[in-house]
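K.L.:
Quick one: sequence plus predicted model below, questions after.
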Amino acid sequence: MNNKHDLIVIGSGAAGMMAAIVAARNNKKVLLLEKLSNIASKLKATGGGRCNLTNTLSNEEFMARFGRDGRFMQDALGAFDSKALVNFFSEIGVETHAPDGFRIFPTSHSSSTIISALQEEMQKLGIDLKTSQKVEKILVENGEITGVKTENDSFYAPNVIVATGGLGYPTLGAEGDGYTMASELGHKVTELHPAMMPLKTKESWVANCRADTIAKVELRVDLPKHKKLRATGDLIFTNSGIRGPVVLDFAREVTPLLEKYGEVPLLLNLTKGMNEEQISKHIKEEHAKNPHAEIVELIATLLPHAISEELCHIAGVNPHAKNREIEGAQKAKLIQLLAWTPLTVTGHDGFKMAMITRGGINLKEIEPKTMQSRLVKGLYFCGEVMNLDGPCGGYNLQWSFASGALAGELKH
């Protein structure tokens, strides 16, 4: 068996497949190793199977959404941004669109379309794909890559790309192998936290409000040193807490704090940004239109009935009382609750429900112009295995494809 290649890619997710394709297009002999029996398991599940590939933001805005480390992506995005990604998929037979003007999907709204096209392109390019091959060790001699050792075999190449993803969804193969391999070669791995996931709350009243999605909810962390942390978007109450796009995004900020403090107090504005004065005025206007209405009915012009009722109970107000029957202090408390509803996050379901991982291989040890390790010649990283994660909306997939494309160039 000929086990000698120009490049070995570990992991067949978005980043790994893109890296393999770019390298093969540059006439490199490529081996792609996947430990599961099928390729792209996590990509298949992404976006509920609809596969939100990227979005329409400019590169500057895109990087800003990743926070202070976003500038690390400048070279990768400069070479392979959302327009380049859309063109790439068009070339291999996948048409895309942005039905909401922001998020870009395959027109089929199916991740299977993406995976099939990538698989076909890899076959055309003669990429050697081997599944059920768990890499145990990256082989190095005199500070340079020589290959990899799997459970049953050894394969040789002067270049290895680690595209193993994070710890999210272990049922789809995530075990953190890449972190272990990188650590063994001297790389630092930051603390790892689950991200993009539902959150559990101390308050049990949320279970009575499960039927409705609340639009444009603002979430804030109510801790002295972290009051700047906030996000806005759609929220859904669950049997044990909160979920929805804004929660998935905000979870990446909350989970490290949860580990540090044990619980994280939040404030929620459920009334589309209205303040106490505006809420009070609104209730007065609704009362003038319908003087015999119960207070819960007046609040239900702002919020779903179930939530309106729960907030009345929390404020110590009889939901069936008339507006004029409620004492001033109680009414003030109710209006304050409507402006900022407190919730306490106490937990989550860990990595088994996390779509992405917050943390990873230290970016200072990776050259952003090439994705090559600064410590070991011929070792490259791409995708989620690095310490860079973004919100919902195609950010993380775009980053995976872009970093994979740059790593696959094998620039030294």
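P.N.:
Nice, thanks for sending it over.
K.L.:
going forward, measure contacts between C-alpha atoms and count neighbours the same way
P.N.:
Noted.
K.L.:
List phi and psi for Thr107.
P.N.:
Main-chain torsions, Thr107, degrees, to the nearest 10: phi -60, psi -20.
K.L.:
nope, Lys322 is what I meant
P.N.:
The phi/psi pair for Lys322 (degrees, to the nearest 10) is phi -80, psi 160.
K.L.:
do the same with Thr370
P.N.:
According to degrees, to the nearest 10, Thr370 has phi -140, psi -20.
K.L.:
Distance of it relative to Gly166?
P.N.:
Applying CA to CA, to the nearest Å, the value for Thr370 to Gly166 is 21 Å.
K.L.:
who's more crowded, those two?
P.N.:
Neighbour count, other CA atoms under 10 Å: between Thr370 and Gly166, Gly166 has more, with 30 against 21.
K.L.:
pretty sure that one is in a helix, no?
P.N.:
No - under DSSP: H, G, I helix; E, B strand; the rest coil, Gly166 sits outside any helix and is assigned coil.
K.L.:
residue contacts, it?
P.N.:
Contacts for Gly166 (CA atoms under 8 Å, 6 or more residues apart in numbering) come out as 174-176, 178, 356-357, 360, 384-385.
K.L.:
how near is it to Ala182?
P.N.:
13 Å.
K.L.:
One more: Asn275?
P.N.:
Asn275 is 49 Å from Ala182, by CA to CA.
K.L.:
Pull out the buried positions in stretch 328-345.
P.N.:
Residues of stretch 328-345 classed as buried by neighbour count (16 or more other CA atoms under 10 Å): 331, 333-345.
K.L.:
Same check on stretch 70-78?
P.N.:
Quick answer for stretch 70-78 (16+ other CA under 10 Å): 70-77.
K.L.:
before we move on, back to that, between Asn275 and Ala182, who's got more neighbours?
P.N.:
Ala182 (23 against 15).
K.L.:
just checking, the more buried one touches Asn362?
P.N.:
No - taking contacts as CA atoms under 8 Å, Ala182 lies outside contact range of Asn362: 9.9 Å.
K.L.:
just to revisit the earlier point, give me the subset of the contacts of Gly166 lying in helices.
P.N.:
Gly178 (DSSP state H).
K.L.:
between the contacts of Gly166, which is nearest Ala402?
P.N.:
Glu384 (11.6 Å; CA to CA).
K.L.:
list the residues that contact both of Ala182 and Asn362?
P.N.:
Listed contacts common to Ala182 and Asn362 are 188-189; contacts here mean CA under 8 Å, 6+ apart.
K.L.:
Now render the buried residues of stretch 70-78 as CSV, adding secondary structure, distance to Lys44 and pLDDT.
P.N.:
Below are the buried residues of stretch 70-78 laid out as CSV (DSSP: H, G, I helix; E, B strand; the rest coil; distance: CA to CA, whole Å; pLDDT from 0 to 100):
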residue, secondary structure, distance to Lys44, pLDDT
Gly70, helix, 26, 97
Arg71, helix, 29, 98
Phe72, helix, 27, 98
Met73, helix, 25, 98
Gln74, helix, 27, 98
Asp75, helix, 27, 98
Ala76, helix, 24, 98
Leu77, helix, 24, 98
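K.L.:
still on that earlier bit, looking at the contacts of Gly166, which gets the smallest pLDDT?
P.N.:
Least confident entry in the contacts of Gly166, by pLDDT: Ala174, with 76.
K.L.:
Could you pull up the residues touching that residue?
P.N.:
Neighbouring residues of Ala174 by CA under 8 Å, 6+ apart: 164-168.
K.L.:
Name the residues of stretch 90-109 that come out as buried.
P.N.:
Neighbour-count burial for stretch 90-109 [16+ other CA under 10 Å]: 94-97, 103-106, 109.
K.L.:
Pull it out as CSV, backbone CA atoms only.
P.N.:
Taking Å, rounded to 0.1, in the frame of the first residue of the first chain, the C-alpha atoms of stretch 90-109 are listed here in CSV:
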residue,chain,number,x,y,z
SER,A,90,-22.0,27.5,-7.8
GLU,A,91,-19.0,26.1,-9.7
ILE,A,92,-19.6,22.6,-8.2
GLY,A,93,-23.3,22.7,-9.0
VAL,A,94,-24.9,24.1,-5.8
GLU,A,95,-27.1,27.2,-6.1
THR,A,96,-27.6,29.4,-3.1
HIS,A,97,-29.9,32.3,-2.0
ALA,A,98,-30.5,34.6,0.9
PRO,A,99,-34.3,34.5,1.5
ASP,A,100,-34.1,37.0,4.4
GLY,A,101,-31.4,39.1,2.7
PHE,A,102,-28.9,38.0,5.3
ARG,A,103,-28.5,34.3,5.8
ILE,A,104,-27.3,32.3,2.8
PHE,A,105,-28.6,28.8,2.3
PRO,A,106,-28.4,26.2,-0.5
THR,A,107,-31.7,26.7,-2.5
SER,A,108,-32.5,23.1,-1.5
HIS,A,109,-32.3,24.1,2.2
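K.L.:
Mind listing residues that contact that stretch?
P.N.:
By CA under 8 Å, 6+ apart, stretch 90-109 touches 49-57, 86, 89, 113-114, 117-118, 121, 393-394.
K.L.:
pLDDT of it, averaged?
P.N.:
The model assigns stretch 90-109 a mean pLDDT of 97.
K.L.:
hang on, Glu309 packs against Gly316?
P.N.:
No - in this structure, Glu309 is not within contact of Gly316 by CA under 8 Å, at 10.7 Å.
K.L.:
Can you pick out the residue with more neighbours from the two?
P.N.:
Glu309 (22 against 13).
K.L.:
check which helix or strand covers that one.
P.N.:
Using DSSP states H and E, Glu309 maps to helix 305-314.
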